[in-house]
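> Predicted model and sequence below, questions to follow.
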Amino acid sequence: MAQATFRIWRGDSSGGKFQDYTTDVEEGMVVLDAVLKIQAEQANDLSTRWNCKCGRCGSCSAEINGNPKLMCMTRLNSLPLEKPVMVEPMRTFPPIKDLVTDVSWNFRVKKTIQKFKPRKPDFEDGTWHMVQKDVNRIQEFRKCIECFLCQDVCHVLREHKKFDEFIGPRFLVHTAALEMHPMDTADRTKDLKDKHNVGYCNITTCCRKVCPEEITITENAIIPLKERVVDEYYDPLRKLVMKIIGS
Amino acid sequence: MAEYQTHPYDVLVIGAGGSGLRAAIEASAGGATVGLVTKSLLGKAHTVMAEGGIAAAMGNVDERDNWKVHFSDTMRGGQYVNNWRMAELHAKEAPDCVRELEAWGSVFDRTKEGRILQRNFGGHRYPRLVHVGDRTGLEMIRTLQDHGIHQGIEVHMECTMLTLLLDDGRVAGAFGYDRERGRFLLFPAKAVVLATGGIGRAYKITSNSWEYTGDGQSLAYHAGAALIDMEFVQFHPTGMVWPPSVQGILITEAVRGEGGILKNKEGRRFMFDDIPELYRNQTADNEEEGWRYTQGDRNARRPPELLTRDHVARCIMREVKAGRGSPHKGVFLDIAWIKEKLPNAPEHIKRKLPSMYHQFKQLADIDITKEPMEVGPTTHYMMGGIKVDAESQMSTVPGLFAAGECAAGLHGANRLGGNSLSDLLVFGKRAGHHAALFAKSQGSTRVDEQLVDRTANEALVPFERSAGEGPYQIQHELQEMMQHNVGIVRVEHEMELALREIESLKQRAAKVAVYGNREFNNGWHTALDLSNLLTVSEAITRAALERKESRGGHFRDDYHDKNPEYGTFNIMVKQGPDGAMQISRVPIPELPAELKQVIEENK
């Protein structure tokens, strides 16, 4: 049986280092299989999160050879196994232990986004009229599995640490799903401008490139939100008209 | 004295999948203070993996559907050992629960008329499953999560409960630890809702994640509550079989709902070879009719691939055993063939089954729009669990409620696909409502400090054993053993052997050693989960030994047939005064005349 070496970051909030583990590998294995095998056979206290093992839950996010990925969807045959496979936690979030990071900030941020506020039902049975083409757009956003890999690569968060001012691509996608929901009546534009600072994003598309659900984050979610802010607050023509009609 | 943090609530909900979230929302709406603890991060529970849909007789696609048909389908699927009152409430209340989800922001696939679209599924007479492609569970859990976080519920993520607390026979809260830091937590509560899901990790081949170690069933059992129907484990017919690392991962029944067919290596559609009497009237007798059914022809009957899961799983086993299986001991599931029938079939498949397409492409290098999948049975769902009152979901312990997979009754001997998500909504809501009412009507409870101390000490003992066996080896052996001895095909002597093996594994688990510190130590967590896994494994085995017949998910090689006498009772598991597991039979109350008639009319 073939073998491969995994260079896994071991440590906690006070620091850590990479440690090599060599293990048997077989056809079809993904990085998560190797990590769990090492955990079961060589390092019982190796910390990692996982659940579904098929790209649905977004728990096993990590950086594999420097690339933000889901460990459960990264096949070993897509990696060069002649050298050690580097496995480290998402670097944007504070480490807890080994591959587990403190992602609680994301859950706090979500609460700051105005919740869904539907219009009155269209039908007597309390349901609404929506046809498929009205919802295709937001169904794309609702595919998000909250793996936070987009947050991990966003340089506003990763390099500039603007956690108090910027909600990151995940929650811009979340806001877009709410704003473009055909039933929703709330207006989140002011929050986007003042509180959630959609303007910080300079559309480098790093987030879109790492999304395991292939959501077109930048083009389909963030740019339209930026346009809404611009239309409402920075449109010179609109400003002029508003001045003339005196509102 | 153990050190711990204390968080008191009126209602404590343990588990944050569909039923736990729904219960927490309802309890909070009922004016209770609510704590919600979850073993994983919020939104990652098993509900997220549900693919096919939510069964609710809304009649949007076929107006002939109504609660009576849904009720009859559920009872027939469960082989009539269901709690009929639960089946009735479920069928009546599911549509409103779906409407509630839409009001909270769910975006389901739509009909041409702009209504919620519904799809065909195994055992359901009409197109009934509300869905979003093949990621319905994600839509549901995210909706409940995003609604729930604004309802004043306090969420404790990544916490595991080690014991329930009792005060004079009444539930008084729970005690456990947070997985991230390893600190102990005490949750005094006037009512507790268990919503911990299933037991899949007792088996080697399973669609369940590490979390599903039977915590709720085991916590309830040790608190004195009764469990029923533990012999009824659902082996889903279509799990992945190759490559080895993905063995057991689920392939949604929706593949068959959209026209996918099962074939053996000779290319034969073997599902036509054995159609049970109970379903003969409703099943197509030729391939053409089956295809028309999947395409919405209201006069066609369902193809045999859409018979109930227990039956399909056994037919697959039969083919494999007879040497007619696929190269990796499964059979072929083919959706690519629909290109003979539909223009743009590949695009159609990708739109209807995006996750399946993705999953096979990435994990098995297979393009399901071009070639068949290899599939075989996988441990998927526990029909049995905590015995509850149909109306309130209260267990036999006052103040202790249960909802969703860890509760029993609705599904009887076999669950229909889609009836789980609706179960979570209907009975999560009921459990939360009644838990809040119960909490309001009761004074506060005392904390059993001795039990807390003892539990904390026991949890830390494995760290003190410097040498000894690790937890993973014991877990793996249990899984292998259960798979082999108490799996899809059961026989007395193997199950007797299983009981002896469980005893010896219990002794090994009592001496398990862990190393490292208490911070996010997966080895320690696995060691602590062992006792729950062993408890539910024993319950499954003892109940399965007691049921000397074959019914639904329970198949005995030594008793092939259904025995009408066994259709009159459920098997109950309870801890005896001496601490040993006791088995008894509880008669099923007779169906009221009006429900009998409903079943008769829908035969």
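Received the coordinates, thanks. Numbers count the residues shown, from 1 in each chain, chains lettered A, B, ... in the order given.

> Quickly list the domain ranges of chain A.
A:2-101, A:104-237 (automatic domain parsing).

> In a markdown table: the ones you listed, plus mean pLDDT and mean neighbour count.
No exception for glycine: its C-beta is placed from N, CA and C like everyone else's. Listed next are those as a markdown table, based on pLDDT from 0 to 100; neighbours: other C-beta atoms under 10 Å in any protein chain shown:
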| stretch | mean pLDDT | mean neighbour count |
| --- | --- | --- |
| domain A:2-101 | 97 | 19 |
| domain A:104-237 | 96 | 18 |
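
> All the strands of chain A, in order from the start?
A:2-12, A:15-25, A:61-64, A:67-70, A:85-88, A:95-97, A:100-101 (DSSP state E).

> what's B:Lys190 sitting at in phi/psi?
phi -80, psi -30 (degrees, to the nearest 10).

> what's the burial count for the closest residue to it other than its chain neighbours?
Sequence neighbours aside, B:Ala439 is the residue nearest to B:Lys190 in space, at 3.8 Å (criterion: C-beta to C-beta, 6 or more residues apart in numbering or on different chains). The number of residues packed near B:Ala439 is 24, by other C-beta atoms under 10 Å in any protein chain shown.

> Equivalent analysis for the one 4 residues further on, please.
Using other C-beta under 10 Å, B:Gly443 has 5 neighbouring residues.

> Go ahead and list the helix or strand containing it.
Under the criterion DSSP states H and E, no helix or strand holds B:Gly443.

> distance of it from B:Arg170?
10 Å (C-beta to C-beta, to the nearest Å).

> Ok, B:Phe232 next?
In terms of C-beta to C-beta, B:Phe232 sits 29 Å off from B:Arg170.

> Which pLDDT value goes with the residue nearest to B:Lys190?
Here, the pLDDT recorded for B:Ala439 equals 98.

> For the helix or strand containing it, list every residue counted as buried.
Using DSSP H and E, the element containing B:Ala439 is helix B:419-441. When burial is assessed from 16 or more other C-beta atoms under 10 Å in any protein chain shown, helix B:419-441 yields the following buried residues: B:419-439.

> mind listing what the closest residue to chain B within chain A touches?
Residue nearest to chain B within chain A (C-beta to the nearest C-beta): A:Gly28, separated by 2.2 Å. The contact partners of A:Gly28, by C-beta atoms under 8 Å, 6 or more residues apart in numbering or on different chains, come to A:Arg75, B:Trp242, B:Pro243, B:Pro244, B:Ser245, B:Val246, B:Leu363, B:Ala364.

> B:Arg542: neighbour count?
By the criterion of other C-beta under 10 Å, B:Arg542 has 20 neighbours.

> can you map out the strands along the stretch 501-603 of chain B?
Counting by DSSP state E, counting those that start in this stretch, the stretch 501-603 of chain B has strands at residues B:569-575, B:581-587.

> out of those, deepest packed?
strand B:569-575 (a mean of 21; mean count of other C-beta atoms under 10 Å in any protein chain shown).

> can you list contacts of that strand?
With C-beta under 8 Å, 6+ apart, strand B:569-575 has contacts from B:81, B:221-222, B:224-231, B:387, B:539, B:542-543, B:546-547, B:581-588.

> circling back: which one of the strands of the stretch 501-603 of chain B lies nearest to B:Ala345?
For the strands of the stretch 501-603 of chain B, the distance to B:Ala345 is smallest for strand B:569-575, at 45.3 Å, taking C-beta to C-beta.

> Show me which residues of the stretch 401-550 of chain B sit near chain A.
Within the stretch 401-550 of chain B, the positions near chain A by C-beta under 8 Å from any C-beta of the partner chain are B:470-473, B:476, B:514-517, B:519-524, B:526.

> Now with 6 Å, please.
Within the stretch 401-550 of chain B, the positions near chain A by C-beta under 6 Å from any C-beta of the partner chain are B:Gly470, B:Tyr472, B:Tyr515, B:Gly516, B:Glu519, B:Phe520, B:Asn521, B:Asn522, B:Gly523.

> now the last one, nearest residue through space, not along the chain?
Of all residues not flanking B:Gly523 in the chain, A:Asn44 sits nearest, at 3.0 Å (C-beta to C-beta, 6+ apart).

> Pretty sure that neighbour sits against B:Gln473.
No: distance between A:Asn44 and B:Gln473: 9.9 Å, which falls outside the contact criterion (C-beta atoms under 6 Å).

> How is chain B divided into domains?
Listed domain ranges for chain B are B:5-234+B:380-441, B:236-379, B:453-587 (source: automatic domain parsing).

> and among those, the most buried is which?
Ranked by mean neighbour count, the domains of chain B are led by domain B:5-234+B:380-441 with a mean of 25 (mean count of other C-beta under 10 Å).

> Start and end of that domain, how far apart?
26 Å (C-alpha to C-alpha, to the nearest Å).

> OK, contacts around the spatially most central residue of chain A?
Computing the C-alpha centroid of chain A and ranking residues by C-alpha atoms, centre = their mean puts A:Phe148 first, at 3.1 Å. If a contact means C-beta atoms under 6 Å, 6 or more residues apart in numbering or on different chains, then A:Phe148 has A:Val103, A:Asn106 as its contacts.

> Phi and psi next, for it.
Torsion angles, degrees, to the nearest 10, at A:Phe148: phi 70, psi 20.

> That one and B:Lys574, how far apart?
When C-beta to C-beta is applied, the distance between A:Phe148 and B:Lys574 equals 44 Å.

> What residues does chain A have near chain B?
Within chain A, the positions adjacent to chain B are A:27-29, A:33, A:40, A:44-45, A:47, A:51-52, A:54, A:56-57, A:59, A:73, A:96-97, A:100, A:111, A:115-116, A:118, A:126-127, A:129-132, A:135, A:138-139, A:146 by C-beta under 6 Å from any C-beta.

> Which of these fall in helices?
A:Asp33, A:Ala40, A:Lys111, A:Gln132, A:Val135, A:Ile138, A:Gln139 (DSSP state H).

> who touches the closest residue to B:Trp524 other than its chain neighbours in this structure?
Computed as C-beta to C-beta, 6+ apart, the closest residue to B:Trp524 that is not its neighbour in sequence is B:Val514, at 4.6 Å. By C-beta under 6 Å, 6+ apart, the contact list for B:Val514 reads B:Pro462, B:Phe463, B:Gly523, B:Trp524, B:Ala527.

> so who does the third one touch?
Residues in contact with B:Gly523 (C-beta under 6 Å, 6+ apart) are A:Asn44, A:Asp45, B:Pro471, B:Val514.

> which pair in those spans the largest distance?
Farthest-apart pair in the contacts of B:Gly523 is A:Asp45 and B:Pro471; separation 10.8 Å (C-beta to C-beta).

> Which residue ranges of the stretch 501-603 of chain B form helices?
Taking DSSP state H, counting those that start in this stretch as the test, the helices found in the stretch 501-603 of chain B are B:522-546, B:593-601.

> Any chance of JSON lines for those helices, columns mean pLDDT?
Below are the helices of the stretch 501-603 of chain B laid out as JSON lines (pLDDT from 0 to 100):
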{"stretch": "helix B:522-546", "mean pLDDT": "98"}
{"stretch": "helix B:593-601", "mean pLDDT": "97"}
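
> I'd like to know which of these is closest to B:Leu42.
Using C-beta to C-beta, the helices of the stretch 501-603 of chain B put helix B:522-546 closest to B:Leu42, at 17.9 Å.

> and the direction of that closest one versus that of strand B:569-575, what angle?
With axes from the mean of the first three to the mean of the last three C-alpha atoms, to 10 degrees applied, the angle from helix B:522-546 to strand B:569-575 works out at 140 degrees.
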